[in-house]
Structure formats: structure tokens, C-alpha cells
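Engineer: Task: produce atomic coordinates for the following.
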Amino acid sequence: MTSKKTIFSGIQPSGNLHIGNYLGAVQQWLKFQNSGEYNNIFCIVDEHAITIPQDPKILRKKIIEITLIYLASGIDPEKSLVFIQSHIPEHAELAWILNTITPLGELQRMTQFKDKAKEKGLLAGLFNYPVLMAGDILLYDTDIVPVGEDQIQHVEFTRMIAKKFNNQYGKTFKIPEVSIIKEGKRIMGLDDPKKKMSKSASSTKNYIAILDEPDIIRKKISSAVTDSDNEIKFDEKNKPAISNLLNIYSLFSDADIKELEKEYQSKDYSIFKKNLAEIIINALKPIQDKYKELENNPSYVEKILKDGEIKAKEIACKKLSEIKQKIGFI
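Structural biologist: As a prediction, this is how the structure comes out:
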């Protein structure tokens, strides 16, 4: 790796990757990658996915699906390192080492664990999720972690555990910073604008998947919740539904929200929704076309993942060797 700052981020291969993931994560990754100013590491975090029980057949399919979406969206293996987390056992090994210095109370206060534990029960893997995430980040001397708003607490945990390790064993880890874009940080559900769009939502009406067909996108936008009046105005507190749709429209079209308010000042929701659906369809078409092309070339994708594994393994082994030496392993 060069002296450039390093970016690390990843997405779980579970559920359906949706426009919130694309706008809030992948688009930000592309900005980092295409600037040429960073070392970019984008992982498919399958070990995180199994903190909640998965069907093995579906999981295998989703791992490849996420890889293809990364590549189809513009992640370039010539500019970015792409690999599958479970192919690098050093992630799990570092997580175990970090577990030995992690205060129990720090894990107990994690908001996401509390929320998911209510649904899935008290699973040790779910409880230790932040430690594995810390291992992912710290293993590659990461400087910047682009994450969604719901993951900020986990990066703060990573910073805490890195500082604790450094204090105990000498300077070993970089202290990573969070990167989050204001507009795309929180795309809300189409069926409930008070809850974040989620790829694991029980209803498919909650999200627009990146691979959704045009007719499905039109139906989902048409049935998206709107506010009681017919005014197309951005007001997150009093009009969360239309504000969410305006945010999505703005991000996909690069139009300013104030401009959109003027454009639709005397028009009703149906016209706005119809146009929004077409904006999304047109934006996703190049990704979907590239996805199909890659799907028909599995050997190319396999080579990218193998090359990524080799490069990631080299970095991870070197770092873990340093860590083991610091803690006294032979």
C-alpha cells in the first residue's frame, strides 16, 4: 500500500441492496475511488451477515450478488481492493484478540445490538459484532470509514478499542475517522418515513432494490406513503414522507430540493411520483445492464475476488504478525 490514506467499508450480503445503500454508501465509495487520492478497500462482509441466521444457499447467492453490484456500480478492481471477508481469516483472529481487551459494558450499550436482540434473541455473535467490525477496520490501517448513520457508534467503539490497545501495547493501530454524507445518510422507508429504508425489511414496499425491474419501481413509488395534503414541500418534521421522496429525487437527479419545490409547486403527488420513478429507473439502468453482463462472465468475477483475496491477505498477515508480536505471541 502507498502513503495515501486508506478507506475501508463493506456491506453485508443479506437482504436486497437498495437505493439507500447506493446513495448513502456506494456513491460515496465511488467519490473516494475516482478521486485517485486514497487506497480503497471494499469488502463483502459475510461474517457479519451470519450474526443473524442465514439460509446457506441464499447466503452464497447473495455474496456473489453484492460483488456484482459493487462492480456494476463502478467499483473498479484496478483502483479498489474487493474481496470476501471470510476469505481472510485474520479478520476473525484479530476480533478474538480485541475481545480480550473489550469492556463488556461497551458492548452492552450498543444501540443496534439492543434493537436486534429484541427481534433475534441474545446471540453472542450479534453481541460481538462491533468487535469484528473493529477488527475489519484496524487490520488495514484504515484512516477513513464511510458508514451510514446507524454505524457511527460502531466506529466510535473501534476508535476506543484502538486507543486502548495502543495504550497497553504501544502504538499499533491508526485511529480511524468517520465519513458520512449529509443528504444521503438517512434514506427512509417508502412505507414508513419515520424508519430507515432497510434491506431486511419484512415488506418489499419499504425499499427500492437496485435490481428491481422498472415496473416494480413504478408500483413501489406509486404506493409510497405521502402526507395528508398535496403540497410538495421539504419539511422533515411535519412532512416526512414527501421530504424523503424529495431527498431521493434530488440525489438521483442532482437537482436542488428548492428547485424541485418550485418545479412541482402547482402539481400534485401523482405527477411528482411518476417523474421520480422514471428518474430512478434511468439512474439504475446502467447498473442493471452491467450487472447482467457480469453475471454472464463468472470467471472474470472469480478472478477479481481471487486477486483481491491475495492482496488483502498480504496486508492482513503483515498487520496481524505485528499485533501478535506486541501481545507476546511467538
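Engineer: Please make it C-alpha for all contacts and neighbour counts, starting now.
Structural biologist: Noted.
Engineer: So the chain: which segments form each domain?
Structural biologist: Domain assignment for the chain, taken from automatic domain parsing, gives 5-180+298-327, 204-292.
Engineer: would you turn the ones you listed into CSV with mean neighbour count, distance to Met197 and mean pLDDT?
Structural biologist: Output for these, formatted as CSV (neighbours: other C-alpha atoms under 10 Å; distance: least, C-alpha to C-alpha, whole Å; pLDDT from 0 to 100):
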stretch, mean neighbour count, distance to Met197, mean pLDDT
domain 5-180+298-327, 18, 6, 93
domain 204-292, 17, 6, 94
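Engineer: Reformat those domains into CSV and put distance to Ser198 next to each item.
Structural biologist: Compiled in CSV, the domains of the chain are given as follows (distance: least, C-alpha to C-alpha, whole Å):
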stretch, distance to Ser198
domain 5-180+298-327, 8
domain 204-292, 7
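Engineer: Name the stretch from the ones you listed that approaches Arg186 most closely.
Structural biologist: Shortest distance between Arg186 and the domains of the chain, using C-alpha to C-alpha, is found for domain 5-180+298-327: 6.8 Å.
Engineer: Against Ser202, how distant is Glu65?
Structural biologist: 20 Å (C-alpha to C-alpha, to the nearest Å).
Engineer: Tell me the predicted confidence for Lys185.
Structural biologist: pLDDT for Lys185: 59.
Engineer: repeat for the one 4 residues further on
Structural biologist: Note on Gly189: pLDDT of 95.
Engineer: what's the neighbour count on it?
Structural biologist: Residues within reach of Gly189, counting by other C-alpha atoms under 10 Å, total 26.
Engineer: How much space separates the closest residue to it other than its chain neighbours from Gly15?
Structural biologist: Nearest in space to Gly189, with sequence neighbours left out and distances taken as C-alpha to C-alpha, 6 or more residues apart in numbering, is Met197 at 4.0 Å. Computed with C-alpha to C-alpha, the distance linking Met197 and Gly15 is 12 Å.
Engineer: same question, Tyr70
Structural biologist: Using C-alpha to C-alpha, which is the criterion applied here, Tyr70 is 15 Å from Gly15.
Engineer: before we move on, what about Lys79?
Structural biologist: Taking C-alpha to C-alpha, one finds Lys79 at 27 Å from Gly15.
Engineer: which outside residues touch stretch 235-255?
Structural biologist: 23, 183-184, 187-188, 190, 192-194, 225-227, 232-234, 256-257, 260, 276, 279-280, 283 (C-alpha atoms under 8 Å, 6 or more residues apart in numbering).
Engineer: ok, and the closest non-adjacent residue to Gly170?
Structural biologist: Residue nearest to Gly170 in three dimensions, not counting chain neighbours: Lys326, with 7.7 Å by C-alpha to C-alpha, 6+ apart.
Engineer: What of Met188?
Structural biologist: In space, Met188 is closest to Lys196, 4.1 Å off (C-alpha to C-alpha, 6+ apart).
Engineer: neighbours around that neighbour, how many?
Structural biologist: Neighbour count of Lys196, defined by other C-alpha under 10 Å: 19.
Engineer: per-residue pLDDT, it?
Structural biologist: 87.
Engineer: Am I right that Glu261 is in a helix?
Structural biologist: Yes. Residue assignment for Glu261, taken from DSSP: H, G, I helix; E, B strand; the rest coil, places it within a helix.
Engineer: Make residue 1 into 32 and carry on from there
Structural biologist: Okay, using 32 as the starting number, the last item reads as Glu292.
Engineer: Hmm, it is touching Asp299, no?
Structural biologist: No. The pair Glu292 and Asp299 fails to qualify as a contact (C-alpha atoms under 8 Å) at a distance of 11.5 Å.
Engineer: joint contacts of these two?
Structural biologist: The contact lists of Glu292 and Asp299 share Ile263, where a contact means C-alpha under 8 Å, 6+ apart.
Engineer: ok, back up a step: backbone dihedrals for the residue nearest to Gly220, please?
Structural biologist: For Met228, the backbone dihedrals are phi -60, psi 130 (criterion: degrees, to the nearest 10).
Engineer: and what of the one 10 residues further on?
Structural biologist: In this entry, Tyr238 is assigned phi and psi values of phi -140, psi 160 (degrees, to the nearest 10).
Engineer: Stretch 209-222 spans what distance, first to last residue?
Structural biologist: 29 Å.
Engineer: Output the helix or strand hosting Met164 as PDB - backbone C-alpha positions only.
Structural biologist: Per DSSP states H and E, Met164 falls inside helix 160-169. As requested, C-alpha coordinates have been extracted for helix 160-169 and formatted as PDB (Å, rounded to 0.1, in the frame of the first residue of the first chain):
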ATOM      1  CA  TYR A 160     -20.500  -7.700  16.100                       C
ATOM      2  CA  PRO A 161     -18.700  -4.300  16.900                       C
ATOM      3  CA  VAL A 162     -15.500  -6.200  17.800                       C
ATOM      4  CA  LEU A 163     -15.400  -8.000  14.500                       C
ATOM      5  CA  MET A 164     -16.100  -4.600  12.700                       C
ATOM      6  CA  ALA A 165     -13.200  -3.100  14.700                       C
ATOM      7  CA  GLY A 166     -11.000  -5.900  13.500                       C
ATOM      8  CA  ASP A 167     -12.000  -5.300   9.900                       C
ATOM      9  CA  ILE A 168     -11.200  -1.600  10.100                       C
ATOM     10  CA  LEU A 169      -8.000  -1.800  12.200                       C
END
